[in-house]
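**Student:** Starting from these lines, generate the structure:
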Amino acid sequence: MSDRRTFLKSAMAGTLLVGLDNIAKASEGKPAAEQWISIIDLDRCNGCTDRPVPACVSACKQENQTRFPEPIKPLQPYWPQKNFEDFSNERERTDRLTPYNWLFVEKIRLSEEGRTVFAPRRCMHCFDAPCRKICPFGAIDRTRQGAVQIDPAVCFGGAKCRDVCPWGIPQRQAGVGIYLNVAPTFAGGGVMYKCDFCAHRLQQNEVPACAQSCPQKAMLFLPLEDALKKIRSITQNRYTYGLNENGGTATWYISSVPFEKLSEAINKSAVRPDFSRVSARLQESSGWAKAALAAPIAAAAAAYLVARRKMKLPKDKEGR
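**Tutor:** Numbers count the residues shown, from 1 in each chain. Reported below is the predicted structural model:
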């Protein structure tokens, strides 16, 4: 059951808001120094059914289009893979996460109630992100505002971040990245891409593009203390997700429908079984990281890349 593809962890789904006052004391990690939180109200989101593409999805693509990968073709083989993860011919796809689509809106049909719930999906930006701990190349960092970022200039595309992510968020594009110049047949396989919380906007105290564009105001971005006050005022016997999951995240969902029921509906639909794998791997991440670094090529490359990264680290980064 641990590797079933679900929207949310059923162990926590269906519970009301708990541990709110202790969120800053997560057992594995703490919020960033100037932590921002996104609150997504599933009762307000209507999926922008009057538009060809939801407003938040369009805004995200527009905001980040200059950062999308431009792979060098023909794609180079990389060991031990024989197949490429290539989305370069599916750049307009918006029904799932890809290196060219960092946010999508999932339609969750509740057959018994004859109702459809729309859920914007993207990186949860965990306080103690396992992807950040496991990356053997130090390609993932967190800003002072809590944005978990992947540096495309450092990432080898090994996909360990996706393997350890409870939601399988990062997506890989082959034919780009430093591995092409270092060891294209032995290391990596491209670059991993995902939502970065519009980190450049948060650094300027600006609301991310997805929330700014939402016509239903279903997405809010607030500093942590304001978010705590806000969620207390709007919960009112509704269900929450994200405050405590995976040690605490910067994405908090609110819904009048229990999340366990939403998970069950997604499992039954099986529309897109390749996205929401939920697993209990967080406690294994330290061991996996040690194993990855034990490989000579990984260790040598990691030492070089981490040193290179520190030399160019922006002042807004926490640098941990």
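
**Student:** can you tell me how far Phe197 sits from Arg144?
**Tutor:** Distance of Phe197 to Arg144, computed by CB to CB, to the nearest Å: 12 Å. Glycine gets a C-beta too; all of them are placed from N, C-alpha and C.

**Student:** So for these two, which sits in the more crowded spot?
**Tutor:** Shown here are Phe197 and Arg144; by other CB atoms under 10 Å, Phe197 has more neighbours (25 against 18).

**Student:** So that one versus Val257, what's the distance?
**Tutor:** As for Phe197, its distance to Val257 is 26 Å (criterion: CB to CB).

**Student:** For Glu106, pull up the helix or strand it's in.
**Tutor:** Taking DSSP states H and E as the definition, one finds Glu106 inside strand 104-110.

**Student:** With only the CA atoms kept, save that strand in CSV.
**Tutor:** Output in CSV follows, covering the C-alpha atoms of strand 104-110 (Å, rounded to 0.1, in the frame of the first residue of the first chain):
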residue,chain,number,x,y,z
PHE,A,104,-1.3,21.9,-13.2
VAL,A,105,-4.8,21.6,-11.9
GLU,A,106,-6.0,18.1,-11.1
LYS,A,107,-9.7,17.3,-11.6
ILE,A,108,-10.9,15.0,-8.8
ARG,A,109,-14.3,13.6,-9.5
LEU,A,110,-16.3,12.5,-6.5
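
**Student:** strand partners of it, parallel vs antiparallel please.
**Tutor:** strand 115-121 (antiparallel) (DSSP bridges).

**Student:** Can you give the distance of the helix or strand just after the partner strand from its chain's centre?
**Tutor:** Using DSSP H and E, the helix or strand that directly follows strand 115-121 along the chain is helix 130-134. Distance of helix 130-134 from the chain centroid (CA atoms, centre = their mean, to the nearest Å) equals 12 Å.

**Student:** Can you list the helices and strands that the following helix or strand past helix 130-134 packs against?
**Tutor:** Using DSSP H and E, the helix or strand that follows helix 130-134 in sequence is strand 140-142. Secondary-structure packing of strand 140-142 (3 or more CB pairs under 8 Å, 6 or more residues apart in numbering; DSSP states H and E): helix 130-134, strand 148-150.

**Student:** Strand 140-142 pairs with which strands, parallel or anti?
**Tutor:** Strand 140-142 has these strand partners (DSSP bridges): strand 148-150 (antiparallel).

**Student:** quick one: contacts of the partner strand?
**Tutor:** Strand 148-150 is contacted by residues 123, 125-126, 129, 131-132, 139-143, 161, 170, 191-194, 196-197, 199 when judged by CB atoms under 8 Å, 6 or more residues apart in numbering.
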